[in-house]
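> here is a sequence with its predicted model. Questions after.
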Amino acid sequence: NLVYSFAKMGRAWYMLSEITDQRLENHLDPPQFVDMAVVNAETGVLLYEVNLDTDAEWKEIVQKHNLVFVFDQHCSRETPDYNDFMRITFTEHSHDYPGIRLITAGSGYFDVRDRSNRWIRIEVVTGDFIIIPGGISHRFTMDSNESVTSKKFDDA
């Protein structure tokens, strides 16, 4: 039943390597959008779009990928550790386990490196469930709305 949101053109793009404000889209000039099917082929990233009016769709993803819920997290400009959150999550990193988030409110960007070491920026909004495979260099930032709430999951 699950549908990958591959059809959403404009949700991912190659981005500038040098940026001044991580919260902006930071497109190349001219912009180079990347179809989510290409993002998946290049990086292994999965992006699902789920209806949050019911738990059924995201719970199906959790079951399909054998995931466990870890915690809910919220950050906004009003959060006391906002600056630390923005600095830490935007530091490029990778780990052996997948990075898994369900965006339950707000929006932001996950940046992932492709096989040629170029950054691809993936916009995530409320209802997006993203799975970034272990070993992929990535980082996260809120967008100019400066508010995001998510559920974190890990492999069971």
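Nice, thanks for sending it over.
> quick one: the strands in the chain?
All strands of the chain, identified by DSSP state E, fall at 12-15, 27-33, 46-49, 67-76, 99-113, 119-125, 128-132, 138-142, 147-155.
> number of nearby residues for the closest residue to residue 34 other than its chain neighbours?
Distances taken as C-beta to C-beta, 6 or more residues apart in numbering put residue 12 closest to residue 34, at 4.5 Å, once the chain neighbours are dropped. Any C-beta I mention is one placed from the backbone N, CA and C, and that applies to glycine too. By other C-beta atoms under 10 Å, 26 other residues sit near residue 12.
> so in terms of bridging, what pairs with residue 12?
On the basis of DSSP bridges, residue 12 is bridged to residue 122.
> can you pull the contacts of it?
By C-beta atoms under 8 Å, 6 or more residues apart in numbering, the contact list for residue 12 reads 33-36, 39, 120-123.
> again with residue 17
Residue 17 makes contacts with 118-119, as judged by C-beta under 8 Å, 6+ apart.
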